[in-house]
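K.L.:
Give the three-dimensional model of this entry:
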Amino acid sequence: MPAALIEVRRTYSLEEEVAIIDAVHAALVSAFRIPPEDKDVRLIVHAPHRFACSPETPQPEYRTLVTIDCFAGRSLAAKRALYAQIADRLDTLGIPKGHVTTIVHDIPAGSWGLSDGVPAADVDLGFEVTV
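P.N.:
Predicted coordinates:
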């Protein structure tokens, strides 16, 4: 049930945007072993002046930030796999690995309210969080 936000500094075509979203989701499915139908991924395109990055960045237009809010419990190994897969999958789409940063926010299940108004800690999520 992770919620992912992808932020970029350039405009992509509709097909490229969908491919970027699908790449991050596929990495989550593989590394965190979430069900494929559990998809909550957003993409925001910023004007470059609204998304500052280091002047040392060789191709600043490709700077990409992926932020993932998820239930606490994933192992460091699962997170390592996630970071690598996101970078690899985006690299195949032309976003250089060195331009991708992924941040994972671990949130206790009791601090995550579901759409029906109950905390995630009170329901069977249908998948294992401790991977």
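
K.L.:
CA atoms for contacts and neighbours, from now on please.
P.N.:
OK.

K.L.:
Which other helices and strands does the longest helix seen in the chain contact?
P.N.:
The residue-count maximum for a helix in the chain (DSSP state H) belongs to helix 14-32. On a contact count with 3 or more C-alpha pairs under 8 Å, 6 or more residues apart in numbering; DSSP states H and E, helix 14-32 meets strand 41-45, helix 76-91.

K.L.:
ok, the spatially most central residue of the chain - contacts?
P.N.:
Central residue of the chain (C-alpha atoms, centre = their mean): Ala4, 4.0 Å from the mean position. By C-alpha atoms under 8 Å, 6 or more residues apart in numbering, Ala4 lies in contact with 24, 40-42, 66-69.

K.L.:
Figure out the helix or strand that it lives in.
P.N.:
strand 3-8 (DSSP states H and E).

K.L.:
quick one: that strand to strand 41-45, angle?
P.N.:
Orientation check (axes from the mean of the first three to the mean of the last three C-alpha atoms, to 10 degrees): strand 3-8 against strand 41-45 gives 20 degrees.

K.L.:
can you state the direction angle for strand 3-8 and helix 14-32?
P.N.:
Going by the same axes, to 10 degrees, strand 3-8 makes 140 degrees with helix 14-32.

K.L.:
so what strands line up beside strand 3-8?
P.N.:
strand 41-45 (parallel), strand 64-71 (antiparallel) (DSSP bridges).

K.L.:
Could I get the buried residue list for that strand?
P.N.:
3-8 (16 or more other C-alpha atoms under 10 Å).

K.L.:
between those, which is closest to Val131?
P.N.:
Ala3 (17.2 Å; C-alpha to C-alpha).

K.L.:
For the closest one, give the beta-bridge partners.
P.N.:
In beta-bridge terms (that is, DSSP bridges), Ala3 pairs with Asp69.

K.L.:
Brilliant, that's me finished.
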